[in-house]
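> Sequence plus predicted model, see below.
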Amino acid sequence: MIKKLLFLLFFLNSFLIFAQHSEFEKVKSLYNSFDYENVIKFSSPLISDKSLPDSLLIEVYLMRAVSFYSLGNEDSTKENFKGILKINNNYEADPSKISPKLISLFNKVKLEFHESLKPETALTDSLQNYSIKKSFDYSLFRNSLIRNIILPGTGQFFSGIKTKGSILTALSIINLAGIGYFINDTNKKEKDYLNELDPQLIQHKYDIYNKSYKTRNILFASYIVIWIYSQLDLLFFNSNDIFMSEDINAEFNSSIKINEINLSLKIPF
């Protein structure tokens, strides 16, 4: 069944790739035939196809840019050039593919596009001024340890190890509930055994009591194992980074320089 499913997925994927290339070749054929209106029409679905390889997508944008320019729509030409730059902002126009006028227009769009990226670069540079330091969080460590001593697993959960903490906490609660139940059950069955006077039932009552007694002890032992493991896990098995907190010290460097303004207030006497 799995092999059939994989084969089906492979077949569908191959079909989609074939369909993509078929549509691309169709647009390219129309472009080579100077049928620019149909190039624009049939290339529209391709530029919205997220699975199309970048190399083919750049060619589609380039064919659309030439087509729009040939039809006198310079604004749409620029938009398609921007589409190329969004994929590869260092793209260089090839003189063998487009005319010198279009190369000049592309370089102008490229310059404007790079200028528009400068605020983002400045923001990235300003974020680098933040110095992030990690320090040991004694409060987190203390609170995690106390919780873990009381109920294994809660320390991990509190310190951020959610999955393991949830599992250990659940096991601890199940064990404690079982211990509570079998303590009561063992005491009850012990009384029944001790109060039994019929010789034929004494062994039977003892076996029942002994089974409950062993189950109680097994639960005690398993809880002790969980408790010890949980403490060791919290203190030694995990990275110390779980108890580290980040202190962000930001130094803001303004990129805008304001001319100094000196204000003076003279009060005559």
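Looks like it came in fine.

> Which parts of the stretch 51-200 of the chain are strands?
Under the criterion DSSP state E, counting those that start in this stretch, the stretch 51-200 of the chain contains strands at 130-136.

> now the helices for it?
Along the stretch 51-200 of the chain, counting by DSSP state H, counting those that start in this stretch, helices occupy 54-70, 74-87, 100-127, 138-150, 154-159, 162-195, 199-232.

> Comparing the ones you listed, which comes out most buried?
The highest mean neighbour count among the helices of the stretch 51-200 of the chain, using mean count of other C-beta atoms under 10 Å, belongs to helix 154-159: a mean of 22. No exception for glycine: its C-beta is placed from N, CA and C like everyone else's.

> Quick check: which ranges of this structure have low pLDDT?
Along the chain, the parts satisfying pLDDT under 70 run over 1-21, 50-51, 119-133, 239-240, 246-269.

> Going by the annotation, which residue ranges form each domain of it?
Following automatic domain parsing, the chain resolves into domains at 2-127, 136-250.

> Name the nearest residue to Ile242, ignoring sequence neighbours.
Among residues not flanking Ile242 along the chain, Ser159 sits closest, at 4.8 Å (C-beta to C-beta, 6 or more residues apart in numbering).

> Help me confirm that the one you found comes into contact with Asp137.
No - using C-beta atoms under 8 Å, Ser159 makes no contact with Asp137, being 9.3 Å away.

> shared neighbours, those two?
Overlap of the contact sets of Ser159 and Asp137 (by C-beta atoms under 8 Å, 6 or more residues apart in numbering) consists of Phe243.

> Roughly how far does Lys164 sit from Phe237?
9 Å (C-beta to C-beta, to the nearest Å).

> ditto for Lys110
Distance of Lys110 to Phe237, computed by C-beta to C-beta: 54 Å.

> go on, Leu140?
17 Å.

> wait, which of the helices of the stretch 51-200 of the chain is closest to Ser245?
Counting by C-beta to C-beta, Ser245 lies closest to helix 138-150 out of the helices of the stretch 51-200 of the chain; the figure is 6.8 Å.

> which strands and helices sit next to the closest one?
Helices and strands touching helix 138-150, by 3 or more C-beta pairs under 8 Å, 6 or more residues apart in numbering; DSSP states H and E, are helix 154-159, helix 199-232.

> What lies in contact with the first one?
Where contact means C-beta under 8 Å, 6+ apart, the residues beyond helix 154-159 that reach it are 140-141, 143-149, 164-166, 168-169, 230, 233-234, 238, 242-243.

> and if we set it to 7 Å?
With contact meaning C-beta atoms under 7 Å, 6 or more residues apart in numbering, helix 154-159 is reached by 140, 143-145, 147-148, 164-166, 168-169, 233-234, 242-243.

> do the same with stretch 38-52
Here stretch 38-52 makes contact (C-beta under 7 Å, 6+ apart) with 20, 23-24, 26-27, 30-31, 57, 60-61, 63-64, 67-68, 83.

> Can you tell me which of the residues you listed is closest to Lys214?
Nearest to Lys214, judged by C-beta to C-beta, of these is Gln20 at 67.7 Å.

> just how off-centre is stretch 88-95 within its chain?
32 Å (C-alpha atoms, centre = their mean, to the nearest Å).
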